[in-house]
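K.L.:
could you work out the structure for the sequence below:
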Amino acid sequence: MATSLPCAEQQELARPATMPLQTRDSNGPLLSNIAYAERQISTPSRDQYTLGWIAALPLELAAAIAMLDHRHEKPPDFAQSSSDKNSYTWGRIGDHNIVISSLAAGVYGKVSAATTAMQMLSSFPHIRVGLMVGIGAAVPRPEQGRDIRLGDIIVSQPDGQSGGVVQYDLGKAKEGEDFQRKGILNMPPEALLKALANLQAQHEIQPSIVPDLLKDMIKRHPHMARSKPGKPGYVYQGRENDRLFNALYPHAGGFECNNCNSEEMIAREDRDSDEPEIHYGVIASGDMLVKDATIRDRIIQNAGDECICLEMEAAGLMNGFPCLVVRGVCDYADSHKNDRWQRYAAAVAAAYAKEFLVILPGEEVEKSEKAAEIVGRLDHS
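P.N.:
Residues are numbered from 1 along each chain as shown. Below you'll find the model as predicted:
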């Protein structure tokens, strides 16, 4: 894989002396530029952190931390202001010093995401680009060639008049008229979109390294693979647990779908691999946790048929925290939704984010405008 690498000295620092180079297989991409260590190394100063990573849930935060090449101590010159309530983890992937934070436990939605992002920017004013990484619900339409499965990866990408994320619950509803959606959210910065195009091109030539990154995560953190009753691990959950039902067929009861009528399942072609597939498109974002396929389809009808995912945070970020949104698919936003796939979905999203960061040139990030300056302009507009 052709990648953007740190300078020679940084490469030497990033590579553990006892850790051999690793490859996917004899025909796959070389992983020589990915360091597989979490040992503490010299911590950069606060202003050397140029990329912010936001997760919504603790399980998403765990997956993000597990993907770091290196973890850092708190920057020696970091003094958290009284107005910043975030809890941070610092580290490095590829060229990038990264600061990671999550929303407060039990608090979700676009307002909480926006608050987390703004507090992060107040403490790290040199952040230029961001990632919103976690789980989401797919809008599957296999009959239209949109065959999205549980455990797949969805990445926001501009489409037509959309910047890659639409807020489906902002608009007006008049008597006797359909809901009219209002507002346009910004697209990700040019540096992220160009890196996205580069990664898409590379995946035309050779497979994604997401499966390798997942294997390495489990190798370094075997505890993450362990399952407990009601708490599956960060591993693939099996084709038999991926069931897509007709939109009008409700869940028959129970934690999973053992009581549901299999004749109501939508037939899909068998895949030749259980590795996650990657889908690019528009993500619909709003404050509603959707567990009804008819409501899901109604939202998509209003938000636009190009939408392939539903989630709850990204709409709060796009205009003030220039970022790419990456979601691992954990359900279909229907009544059959359960938590079985959440940890694996968080892991695949974090693995994709890492693969993306490995090819994102650090110098291109440095050329991007500081996110705090974008916010400042919005405040004075």
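K.L.:
hey, where'd the strands end up in the stretch 151-300 of the chain?
P.N.:
Taking DSSP state E, counting those that start in this stretch as the test, the strands found in the stretch 151-300 of the chain are 153-156, 165-167, 171-172, 180-181, 278-285.
K.L.:
among the ones you listed, which comes closest to Asn86?
P.N.:
Closest to Asn86 of those, according to CB to CB: strand 278-285, at 20.8 Å. C-beta coordinates here come from the backbone N, C-alpha and C atoms, glycine included.
K.L.:
helices or strands up against the closest one?
P.N.:
If you count contacts as 3 or more CB pairs under 8 Å, 6 or more residues apart in numbering; DSSP states H and E, strand 278-285 packs onto strand 153-156, strand 165-167, helix 190-205, helix 293-303, strand 307-311.
K.L.:
could you list the low-pLDDT ranges of the stretch 101-250 of the chain?
P.N.:
171-183 (pLDDT under 70).
K.L.:
how far away is Thr50 from Pro188?
P.N.:
Applying CB to CB, to the nearest Å, the value for Thr50 to Pro188 is 15 Å.
K.L.:
picking up where we left off before, closest one to Lys367 among the strands of the stretch 151-300 of the chain?
P.N.:
Nearest of these (CB to CB): strand 153-156, 21.5 Å.
K.L.:
now Arg327: phi and psi?
P.N.:
Main-chain dihedrals, Arg327, degrees, to the nearest 10: phi -130, psi 130.
K.L.:
quickly list what it is bridged to.
P.N.:
For Arg327, the beta-bridge partners are Gly134, Ile154 (DSSP bridges).
K.L.:
that one reaches Ile283, doesn't it?
P.N.:
Yes: Arg327 lies in contact with Ile283 (CB atoms under 8 Å); the separation is 6.8 Å.
K.L.:
these two - which one has more neighbours?
P.N.:
Arg327 (31 against 28; other CB atoms under 10 Å).
K.L.:
what about His221, neighbour count?
P.N.:
For His221, using other CB under 10 Å, the count is 15.
K.L.:
could you do Val166 as well?
P.N.:
Neighbours around Val166, by other CB under 10 Å: 27.
K.L.:
thought Ser285 was touching it, still the case?
P.N.:
Yes: counting by CB under 8 Å, Val166 touches Ser285, with 7.0 Å between them.
K.L.:
list the contacts for the closest residue in space to Gln200 that isn't next to it in sequence?
P.N.:
Excluding the flanking residues, the one nearest Gln200 by CB to CB, 6 or more residues apart in numbering is Tyr280, at 7.1 Å. Neighbouring residues of Tyr280 by CB atoms under 8 Å, 6 or more residues apart in numbering: Ile154, Val155, Ser156, Gln157, Leu196, Gln200.
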